[in-house]
Every structure is written in structure tokens, then in C-alpha cells.
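Student: Provided below are the primary sequence and the corresponding predicted coordinates.
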Amino acid sequence: MKPSRPLRTLLLSLACSAALAAQAQTATRIDIPAGDLAAALDAYARQSGTQLVYRADQLKGARSAGLQGQSASPQALDALLKGSGFSARRDASGAVVIVPATAQAKPATPAPAPAPQQTTDETPVANLETVLVTGSRIPRAQIEGPSPITVITAEQISAQGFTTMPDVMRSMTQNNGATQSPQSISNSDFTPGAQQVDLRGLGPNHTLVLVNGRRLADFPLPMDGGVSATDISSIPLGMVERIEVLTGSASAIYGSDAVSGVVNIILKKQADGLTMNFRYGGTELGGGESYNLTLAGGFSRGGLNALMGVELNEQKPLWGYQRDRQDSSSDIADYDNYYRPVDYFARSDWYDSWLDPGEAACNDTGSSDSYYVTDNRYGESYCGSDTAVALRTIIHQRRGITAYGSFSYQFDGGTEWFADVQLGYQKMKQLGRLPTWETAQTDAITDYFFNQSTDQLEWWRRRFTPEELGGVENSFTKTTSKTIALSTGFRGSFSEDWDYEAALSYSLYKTQVSWPRILSDVANDYFMGPQLGTDDDGYPIYAGDLTRFYTPLTTEQLDSMLAHIVYNPESHNETLSFTVTNGNLFDLPGGTAGIAVTAEFGNQGYDLNPDPKATGDSFYYWGWKDQDGHGNRNRWALASELRMPVLDTLNLSVAARYDQYRYSGRHQGKLTYSGGLEWRPIESLLIRGSYGTAFRAPELHHLYAGKGSVDSGGIDYYRCATEQPDTPFDECDFSDESFQLDRSGDLTLKPETSTSWTAGVVWSPMPELDFAVDWYNIDMRNQTQSLGVNKILQDEYDCRLGIDQDPDSQFCADTIARVVRTGADNHIASVHGGYVNIGMERTSGLDVSANYRLETALGKFRFSANYTRVSSHERKDAPDAALVDMLAINSGYDIPRDKFNASIGWERNGWDATLYASRLGKIPTDENFYYQDWDEDYLPDVEDYLPATWRYNASVGYKLNDHARVSLAVNNLTNAMPPRDFSNIDYPFYNFNWYDTIGRAYYLNITWKLGGTPLD
């Protein structure tokens, strides 16, 4: 990829900045320029190896005169602090606490940390951090707050082998929701290439993702056609300083969406010299190579501090046919019962008996891998292929560039201007399935037609071969995304103890998506000719041309009926905020109380900008009549937080916030509040707890979506149960019914609400060892979602037959009305999905973590472990609906009961190594996942659950010198593959939400720094 002129200019600026910064640097002296005090302390800690602890909120606006040419010593640190209004206090562990010069700090321990969600160095209500600890041996019990927070540093990310933001988020034990896999059809159809984070399994739309404490625009296409979420795959991992994750309701601090937690991704703020990092990745089994180059540099000159960086990445695709476990239809675990090649050319009659094409027809299909199929799952006869099923991408092709800059300028009066900007450009290609045509009619009520040529009702399907396409690349879904995130403002002080920040943030996500689709009218005319009328039963009459059906098309012929649906969706999020803080509001026995007050004004909007031909009255593209959707809303909010050190050992914090949303002449407002408690009965023990309320405003797409319809299908549970009661659902004659699914938005939707509490202990029996145990409970009400087809049909069956439901309830009345039946046989004509406020969803569980640091003659060792166990996860679809245990084996959900990870790290003489292990708990087998009437006699060999699985990553690195480092990481060290599931009959024959077949992967990483201080 040749750099553009702006990119070349940016790289030249970075190189020049590094050269200027390098002039005053040597490897043997501590050289720190004048500037921001927090930046100066961070530089001193890195260069001297001293452990520093300080409160970031207290250092706002403070300046340092710098330090030139001195060796590390107490006197040097005092010189660095001279005139800043702060001084150093040292404790017995060797750590240094930075306190106001007039403060009477206890020499033995640092002051208790305030609540992590209190005032911050970004915006006091939009960043998790208040205490910075650099290389600290301070006991963890002294720096934790009332709510559990997980911090993942850039060093941990690299050492544990993670190369993308989705990899990092999947590793978290609290992230136990099944988000979109790159292999899922919905990832190809609804949100191509986007990936999400789902804390506590409550849905990605209930996890708030921030970058530098600021909101981002959502991916502009709703996930699964209805749910909005932040695309974490667009965030440049190479620019990340650390990731802070707060789990639990936090709307009183952050507003809407912070129901199950907050992920705050902190990008780098400080740099000296120019750092270049190159990473190459490959897989042992072939395919999926990746390249990543990150350049970052910065400087401080007078009052100006600047950091600029750029990340270039290229990811080559990994195909299904490149993995033995999924390169053929014959890879299905239960081969004898379920082997079925993909059909290229298939016909059936009204009774679903497949019509034999004859071997001669299949030998002339123009496909090198097609053959005459007679021995398969149902004894069907058709022209099919074993390998066509694997013409899909496991990892998408992706290429992009992201530029990032962070700037600040300190004025003489103490006022600071700041700005962060991020620009991204990504191109992605993926293939979820080959283009297909069926004899679905434009009313989508029936797939059958009366064929005059054979004098019977028939159904036809034509899947187009790679040869007809001129290569599978011509059926890629293509996505081009452009993102911008900008925040700027001023911060400073007024009066004696008050600080302020005024900030404007703006985020825009624009994308163009192109899906290959068959033009229904052109294909119908070519294969079946004009409609010749309608028979007595209402079925259309055609004279289907079998010669045309079985004769391969030329690429030119297929081009005439293959087009691309092109969408140009975009979304935006903008916020103007003003915050004032006072860390010395009034005195209490344990210290001074602090307060933060924030006012926010914002606007959020989206526009799908769909292809007009995809939303018209007729099905212009086969199987597709999509929803339009566009709208925006204004919001304002007032919030306040108060931290109160009631005693030396007891700290209380409270917060309250009121948000109001205005849209289409309507308004919705909600007050949320939270409280936290920290009690330290002894220095090494923290007992903590928090309680909070949260809410989530309705999805914009749920409010503003236009009516859309798609060809759909599913099991007619009601007819199966009443007409063939002795037949398993998936063997019933009505197990694969076709119908139309439609849905549209509803401006009357209410906000979702929730309550949450946590309770836990943090124990640090010695500075090198700590443990934390936290219980959590989240209870959501009025949850809004798009109703799934299978769920609607199951509920209709339950309601009509009175199975665990009251047939006279309002829930059953609404559910039965959603399924429109017609004809003498009472078949399903259409299903109304739509969006509703459902009853409730709640979850509870336990988080455990431990850390140990050991220094020996053999080097420094670091041990860490994290474990999450979900004790319950339940939901009701309405107040009068039956309670569903989502952890039950046949609930239709695959939430793992537990997740675990651990790592061992080692450092000595420039060498470092890390071994990382992760464990995914058991999940239901595919058969148990889907069917509530599980019959052990039907498939006795199928286990109830898939076993827990382990994955291991390992890395080793060596510092060549102070400015160069090389490392090698191996992911999936044992080349583990997904567990076999004998009941999974759908490609790729394993649960792709939780597993993959990438196998062992290697990453070579080279870091080189020009000028500046030595590498950390």
C-alpha cells in the first residue's frame, strides 16, 4: 500500500519530532522537559525505576520546571516537584506518594483511593481512573475502590499474544456473551466485519464502550437487523495504553447504555522519540497471514505536548477449505445420519420428495466439484458438492490505516487546551455463502409453483458455482469504512479549589457495504419464463425450462442476473460537556470530601441510506426486502458525584444523574443513582460494596425502522405437535416451513431499566500478593429487542397448547397474533417480528482474581489468575410469561457457566517470557441448544454438554539494546480444535460463536525506537 500524501506528511512530521526530542536525550541521565506535572512524574518513574503513587485529579493543571542531567535520588525528585505545589512522601515499601505540599500525609501508607468512577483526568464522569500507580508495590487493598475494575495494560496485551481488540475482549472472563463471529451469516448480512463486546451476556448494546472516556458512534448497521453496538474491531490496538473495564450498572456516572458495564480504552498520551513496531503473523496450517506496522512519536516544547501515531494493517483471508475440520460436507461428526453435500441444482415436489435429475445432468453442471448425489441425509437426489460448503471465510480480508494524535498546550495562567483525534479507513471483504436463487414468489408466501412441463407443484433452487461466478471473489461482501473521533476543550482552575473542564466530542462512522444478490425478475424469466396464470389453489403457473436450469451459465449470463445491493449507512454521536470539580470541598475525619458536577448536551443519529431497490414494494433482489431507517435525538444530562472519607478507614461515595432524550415530539427522562462503600478495618484488607440503578434509552433503529420483509423459515412447532405428535420436531413434515418475516420500528417504546449491586473483599496479606472476590447481581426490566422467529414459533406452540403458559394471558394473545396462518391446512403465511419491551432479564455470579509478584536470583516472576462463574441467568419475555433459565441445557442459549484465565510472566537480563492459559466452560451441544423436547433415545450418542476447553498462548522477548526489542508469540500452543458435536449438522459443524479452527498461529514482533528514553 503506497502511503498517501497526507500520510507521508504525517510520517515526516513524526520523524522530525523524534529527531528534535532525541537531541537532549542520553541513556545515562534523567532528562525531563518542563511541562505537565503528571507527564513529568510518569517520565521520572520510567527513567528511575521509582514506584510513584498519586491522584490524577489533584495534579490537574500542575506544572513542573523539568529536570536535566541528574541521577535518580530523593533530591532529584524534590527538584522536579519544586514550585508545583506538591511534595513527595515515602513509605516503608519503597513507594513514593505525591501529595499537596501542605497536606499532612501519613508516612506509612498512601491515602485511601477514592472511588474509581469519581473525578478523572479526562472528564470527571467519563473515566474510570483516579489513582495512577507506576510500578507500585503498594498493597492492592489500598488502591482499589468500591466497584471492581479490571485493567489490561499494553504490555499484558502483547505478552499474552493478543493482536486485535476483539481478541483482548474475548479473553476477559466477564465477557461471556456470544457476539457475532466472523463466520456467522449475520456477520455477512447485517453488520459485515463488525465485532462487539458483551459483558455479563446481557447483549452488546448494554455494554458502553468509550475511547479516552468519550462515546463513539455505533456501527451504522444494526446487529442482527436491530441491535446497535460499538465496533471494537475499528479501534487501533497498537495505540492502546491500557483498557479499563468496570462491570455493573453505571448509568449514574456515564448515562444510558452502561447497564452491564463500561469498557474505557485509553490511548497513548505521552511519547518521546519515534517508536516503530512491526508485527508479522501466520498460521501453521496455512492462510490468514497478517501484517501490522505502528509508528508513534511525540515531543514536549514549552507548553506544548504532542503525540502522533499511525497504524497500518493488512489481514489476508482464511478460508474454510484451508482447514481439514471444515473443508468438506463429509466433516460432519455424525456422518452416517447427517451427511449431506451442498446442493448446486435441486428440485422437489409438493411432498418435499426430491426430483431425480439423473447422473447425466449433474455431470455437465460446469462445476469441477459437482457430482450426482444419491447417498445423503434423506436419500435425496440432486447435483451437489462436498467442498462447496467450505467456500466461506473464517477470517475476513482486511486492509486499513488509522491515524491518531493527542495534543495539549499549557497556558501561563494554568489553563490547558487539549485535543484528541482519530481517523480510520478500513476495507474488508468476506464471503458467507454463494449467491443463490430459489422459486420464491414476490409475496414470499409460497416457494412452490405449478410446473406445466411436469404437471405438478415444484420448488427449484439454484446455487451458482465458482466457475459460473468467474471465481468466488466475485461474490464477496465488500465493506469500506471511514471513522473520525475528535474531542477538544479547555481545562483549568478558578477560585481556590475548583477545577473545570469544557469539552466537545464528535464521532462519525460512515461505511459503504456491497452485498451480491440475484435479481429475482431476471432469474425467474430466464429459468421459468413468464407466469402463465394461477391454478385453482392459488399457486402461480410456469413452464419451467429444465434444460436451462441444469445447463451451466457463462459468467456473462450470470452477470446479467447478479447485482450488488449497495448501502451507505452512517451514524454520529456528539457531546458538549462542562465539568467542575473540587477535591477539598469540606473536611471530614478521614480527609477532605470531593465533588464533581457535570452538564452534558448531545445529539445521536443514524441513517441506513439503503439501496432503494432493496426496500421497494416488490422483491427486486431475491429473498430480500429490507428496512429503511433514519432518525436522531437530542439529549441533556446533569450529574454529580460526591466522595466522602468519613473515617480514616471508611470512605463513602454517592452519585446521581438525570438524562432526558427528545425525539419526534416526544421526550423521555430518567434519574439514576449509585452509592459505594470502602472499609479498610486493617491496612491489608478492603471490604467494599456498591449499588446502582441504570437505564438504556430505546434503540434508534427500534424507534425509526421502516417496515421490511425477508424470506424466512422455521419449525412449525404447533402443526408438528398436533398433526404428527410422535415425530421429533426436526423430522416432522413441517420442520422447514417457509414464510415472510416482517418488522418495523415503534416510537412508543420505553427505556430499559436495571438495578445492580456488587459486594466483595480485596486482601493484600503482603505487598507482593493480593486476592479479590466480588459478587455481582444485575436485574434488567423492560428490555427491548427484536423477537426471533424460532422464539415466536416456540411461544406460539406453548400458548396454543397451554404448555408452561396461560393461553388467556396478554402475552399469549400478542404472541398468537404475531403468527399469521392461512388456507385449509392452516400453514404459516407470515410472522410479525418487531420490537417490544419484554419482561425482564437478570444474572448473578462471582468474580475472583489473584496476583503474585516474586523477585528471585533467577529473575522477576508475575502470576495472575481470573475466574468468573455465572450462578444464574434468567429472563421473562413478558411479566406474565414463564421464567426461562438461560443456563438450562435446552433453553436456546449457550452462555458458558464459567470462564478462567491465568498467566505466568518472567523477566531477567533483558529477557521476558509469558505463558497464558484460558478455559471456556462447558456449553450445550447443538441438539440440546435448539430443542426443548430433548429425547435421549433419539440420539443416545449425543452428550448433553460439550466439555470445557483450554487454549494456551506463549511469548518470549529479548531487549537487543535500550532502543530495540524483538519477541515471538505463539497462540493456541497445542493446536487445539473445537470439540466434536455429533448433533451439530450445520456447517462448520461446531459452535462458531465460541470456537474456531484457526489452529496454532505465530506472531513475530519487532520494536525499534529512534531517540528518546529507553524502551520500557
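Tutor: Thanks, I have it.
Student: residue boundaries of the helices in the stretch 801-950 of the chain?
Tutor: Counting by DSSP state H, counting those that start in this stretch, the stretch 801-950 of the chain has helices at residues 810-818, 926-930.
Student: can you list contacts of the longest one?
Tutor: When contacts are taken as C-beta atoms under 8 Å, 6 or more residues apart in numbering, the neighbours of helix 810-818 outside the stretch itself are 787, 792, 795-796, 799-800, 805-806, 831-834, 877-881. Backbone N, C-alpha and C define where each C-beta goes, glycine included.
Student: Would you list the buried entries among these?
Tutor: 787, 792, 795-796, 799-800, 805, 831-834, 877-878, 881 (16 or more other C-beta atoms under 10 Å).
Student: ok, and for stretch 727-744, which residues are buried?
Tutor: 728-729, 732, 734-735, 737-744.
Student: Make a markdown table from these and add distance to Glu359 to it.
Tutor: Formatted as a markdown table, the buried residues of stretch 727-744 follow (distance: C-beta to C-beta, whole Å):
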| residue | distance to Glu359 |
| --- | --- |
| Pro728 | 33 |
| Phe729 | 34 |
| Cys732 | 31 |
| Phe734 | 32 |
| Ser735 | 29 |
| Glu737 | 31 |
| Ser738 | 29 |
| Phe739 | 35 |
| Gln740 | 37 |
| Leu741 | 38 |
| Asp742 | 42 |
| Arg743 | 44 |
| Ser744 | 48 |
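Student: Tell me the strands beside the helix or strand harbouring Leu312, with direction?
Tutor: Using DSSP states H and E, Leu312 sits within strand 304-315. Next to strand 304-315 in the sheet, as set by DSSP bridges, lie strand 290-301 (antiparallel), strand 397-410 (antiparallel).
Student: quick check: longest strand of the protein.
Tutor: strand 498-518 (DSSP state E).
Student: buried stuff in that one?
Tutor: Under the neighbour-count criterion of 16+ other C-beta under 10 Å, strand 498-518 has 499-501, 503, 505-518 buried.
Student: Who are the packing partners of that strand?
Tutor: strand 214-215, strand 477-494, strand 562-567, strand 570-582 (3 or more C-beta pairs under 8 Å, 6 or more residues apart in numbering; DSSP states H and E).
Student: ok now the shortest one, how far from the chain's centre?
Tutor: Taking C-alpha atoms, centre = their mean, to the nearest Å, one finds strand 214-215 lying 16 Å from the centre of the chain it belongs to.
Student: just checking, what packs against it?
Tutor: Going by 3+ C-beta pairs under 8 Å, 6+ apart, strand 214-215 lies up against strand 498-518, strand 570-582.
Student: Go again with 7 Å.
Tutor: strand 498-518 (3 or more C-beta pairs under 7 Å, 6 or more residues apart in numbering; DSSP states H and E).
Student: among the helices of the stretch 801-950 of the chain, which is nearest Ala639?
Tutor: Closest to Ala639 of those is helix 810-818 (C-beta to C-beta; 36.6 Å).
Student: Please export the C-alpha coordinates of that closest one as CSV.
Tutor: The C-alpha trace of helix 810-818 is given here as CSV (Å, rounded to 0.1, in the frame of the first residue of the first chain):
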residue,chain,number,x,y,z
GLN,A,810,-52.0,-10.9,27.2
PHE,A,811,-48.6,-12.4,26.4
CYS,A,812,-50.2,-15.3,24.6
ALA,A,813,-52.7,-13.1,22.8
ASP,A,814,-49.9,-10.9,21.4
THR,A,815,-47.8,-14.0,20.5
ILE,A,816,-50.6,-15.8,18.7
ALA,A,817,-51.4,-12.6,16.7
ARG,A,818,-47.8,-12.5,15.5
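Student: picking that back up, could you export the buried residues of stretch 727-744 to TSV, including columns for distance to Glu570, pLDDT and secondary structure?
Tutor: Output for these, formatted as TSV (distance: C-beta to C-beta, whole Å; pLDDT from 0 to 100; DSSP: H, G, I helix; E, B strand; the rest coil):
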residue	distance to Glu570	pLDDT	secondary structure
Pro728	47	91	coil
Phe729	42	90	helix
Cys732	45	92	coil
Phe734	42	92	coil
Ser735	41	90	coil
Glu737	37	88	strand
Ser738	34	80	strand
Phe739	33	85	strand
Gln740	29	81	strand
Leu741	26	83	strand
Asp742	25	82	strand
Arg743	22	81	strand
Ser744	21	84	coil
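Student: hang on, the earlier thing: angle of the longest strand of the chain against strand 477-494?
Tutor: 170 degrees (axes from the mean of the first three to the mean of the last three C-alpha atoms, to 10 degrees).
Student: how far off strand 562-567 does strand 498-518 point, in degrees?
Tutor: 160 degrees.
Student: what pairs with strand 498-518, and is each one parallel or antiparallel?
Tutor: In the sheet, strand 498-518 lines up with strand 477-494 (antiparallel), strand 562-567 (antiparallel), strand 570-582 (antiparallel) (DSSP bridges).
Student: could you redo the ones you listed as a markdown table and give each row distance to Ala333 and mean neighbour count?
Tutor: Below are the strands paired with strand 498-518 laid out as a markdown table (distance: least, C-beta to C-beta, whole Å; neighbours: other C-beta atoms under 10 Å):
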| stretch | distance to Ala333 | mean neighbour count |
| --- | --- | --- |
| strand 477-494 | 29 | 19 |
| strand 562-567 | 35 | 18 |
| strand 570-582 | 41 | 20 |
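Student: Could you tell me the least trusted of these?
Tutor: Here the lowest mean pLDDT among these goes to strand 562-567, at a mean of 90.
Student: mind saving the C-alpha coords of that strand as PDB?
Tutor: Taking C-alpha atoms only, strand 562-567 is exported to PDB below (Å, rounded to 0.1, in the frame of the first residue of the first chain):
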ATOM      1  CA  LEU A 562     -26.200 -10.800 -10.400                       C
ATOM      2  CA  ALA A 563     -26.100  -7.300  -8.900                       C
ATOM      3  CA  HIS A 564     -25.000  -5.700  -5.700                       C
ATOM      4  CA  ILE A 565     -27.100  -4.100  -3.000                       C
ATOM      5  CA  VAL A 566     -25.200  -1.000  -2.000                       C
ATOM      6  CA  TYR A 567     -25.800   0.700   1.300                       C
END
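Student: Touching that strand from outside, list them.
Tutor: By C-beta atoms under 7 Å, 6 or more residues apart in numbering, the residues outside strand 562-567 that reach it are 435, 512-519, 608-611, 614, 621.
Student: residues in contact with the residue sitting nearest the centre point of the chain?
Tutor: Centroid-nearest residue in the chain: Gln196, 1.5 Å away (criterion: C-alpha atoms, centre = their mean). With contact taken as C-beta under 7 Å, 6+ apart, Gln196 is in contact with Thr179, Gln180, Pro204, Met223, Ala229, Thr230, Ile232.
Student: what's the closest non-adjacent residue to it?
Tutor: Nearest residue to Gln196, sequence neighbours excluded (C-beta to C-beta, 6 or more residues apart in numbering): Pro204, at 3.6 Å.
Student: before we move on, the earlier item: could you say which one of the strands paired with strand 498-518 comes nearest to Ser891?
Tutor: Using C-beta to C-beta, those put strand 477-494 closest to Ser891, at 31.7 Å.
Student: where does the closest one sit relative to the chain's centre, distance-wise?
Tutor: For strand 477-494, the distance to the chain centre is 19 Å (C-alpha atoms, centre = their mean).
Student: who's in contact with stretch 631-644?
Tutor: Contacts for stretch 631-644 (C-beta under 7 Å, 6+ apart): 114-115, 118, 125, 255, 588, 593-606, 651-663, 700, 703-704.
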